[in-house]
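Engineer: let's see this in three dimensions:
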Amino acid sequence: MASRVDNLYFFLVALTLFFSVLIALLVVVFAIKYRRTHPAEVGAPITGSVPLELMWSIIPFGIAMLIFTWSANVYFDLQRPPDETMQVYAVGKRWMWKFQHIDGQREINELHVPIGRPVKVTMTSEDVIHDLYLPSFRVKADVIPGRYSTIWFNATKAGEYHLFCAEYCGTKHSAMIGRVVVMEPAEYQAWLSGGTGGESLAARGQRTFQDLACHTCHMADASGRGPSLTGVFASQVKLADGRAVTADEAYLRESILNPQAKLVAGYQPLMPTFQGLVNEEALLGLIEYIKSLQPAAAPGAGSVSIDAPASASPRAPLTQGERKPQ
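Structural biologist: Below you'll find the predicted structure:
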């Protein structure tokens, strides 16, 4: 996307330069041509010109529409990542960037990515507003506490590129920097293999899910007090007020921290909040685990089960309600 952003920017600079020079030149030419040569001289009356009025209305309008269409096309492509992207999670914290790969690798102030593969970074903040800025890729976005924002890029050249926080976030804001390391695919796979990430993000989320005893209410067969979470991600969830919402990352996060905000139809508002009990990294793990819970294609196909021994504590962090008693 960098070349497309640059082309648009250079066009705007060239357009500005052209009209700045043209206007300055006309000011000088008209000042000389129509200067007063006698103290009593009076200018000729002007009645107006319809062609001139049309010209300086239509031409600027056409230029403005060209800029709008071109900018909107670039903006929409920057905001909509391709379907097949490499997922990376980022958490901003004064004063560092923490990156989490799906396979388990964790990085601080560094992000390793392969050449030629679109990378989507889902971000949030643990404290104040930050801004993840990758100037070489022409992408940046605010990283806001309590919300998820995303950027995506597709690196085309190996090397190391700057990573900054572009939002003043405190005394050490200028030190909140890092680098993006773009590697050849084979080299990147070797880096992944040699990493010390341990269990995957989804596996850590499953462990948190079990530790918080979410499985005692959110059973795979929907027989618990909370709804089944199998296949819920990206689906349409019907709410008690009649609305339907998409179960994306933001919805799941809100369901954990503020379970009464969007009460699922058919369930009572019994679930406690987990605000302050799980940090942002644990939330990302839980969300990634829920995303991995998909219906089994066939018996014995290795589907993920969220059932666990009934001896666990009956707390359930991931629903917006509990099943009404029959």
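Engineer: can you pull out the strands in the stretch 1-150 of the chain?
Structural biologist: 86-93, 96-101, 106-108, 110-114, 119-125, 130-134, 139-143, 149-153 (DSSP state E, counting those that start in this stretch).
Engineer: quick one: list the elements packing against the longest one.
Structural biologist: Which is strand 86-93. strand 96-101, strand 110-114, strand 119-125, strand 130-134, helix 280-292 (3 or more Cβ pairs under 8 Å, 6 or more residues apart in numbering; DSSP states H and E). (Each C-beta comes from the backbone N, C-alpha and C, glycine too.)
Engineer: the third one vs strand 86-93, what angle?
Structural biologist: Compare the direction of strand 119-125 with that of strand 86-93 by axes from the mean of the first three to the mean of the last three Cα atoms, to 10 degrees and you get 20 degrees.
Engineer: helices or strands up against strand 119-125?
Structural biologist: By 3+ Cβ pairs under 8 Å, 6+ apart, strand 119-125 packs against strand 86-93, strand 139-143, strand 149-153, helix 280-292.
Engineer: what comes up buried for that strand?
Structural biologist: For strand 119-125, the neighbour count (16 or more other Cβ atoms under 10 Å) marks 119-125 as buried.
Engineer: which of the helices and strands packed on strand 86-93 sits closest to residue 140?
Structural biologist: Judged by Cβ to Cβ, the one of these that comes nearest to residue 140 is strand 130-134, at 3.9 Å.
Engineer: given that closest one, what are its sheet partners and their directions?
Structural biologist: Looking at strand 130-134 with DSSP bridges, its partner strands are strand 139-143 (antiparallel), strand 159-165 (antiparallel).
Engineer: got the angle for it vs strand 96-101?
Structural biologist: 70 degrees.
Engineer: averaged pLDDT, strand 130-134. What do you get?
Structural biologist: Strand 130-134 carries an average pLDDT of 96.
Engineer: just checking, residue 245 touches residue 261?
Structural biologist: No - taking contacts as Cβ atoms under 8 Å, residue 245 lies outside contact range of residue 261: 10.4 Å.
Engineer: between the two, who's got more neighbours?
Structural biologist: More crowded of residue 245 and residue 261, by other Cβ atoms under 10 Å: residue 245, with 16 against 12.
Engineer: and that one, what are its bridge partners?
Structural biologist: residue 237.
Engineer: mind listing what it touches?
Structural biologist: Shown in contact with residue 245 (Cβ atoms under 8 Å, 6 or more residues apart in numbering): 236-237, 239, 251, 262.
Engineer: got it, and residue 34?
Structural biologist: Counting by Cβ under 8 Å, 6+ apart, residue 34 touches residue 43.
Engineer: quick one: pLDDT of it?
Structural biologist: 86.
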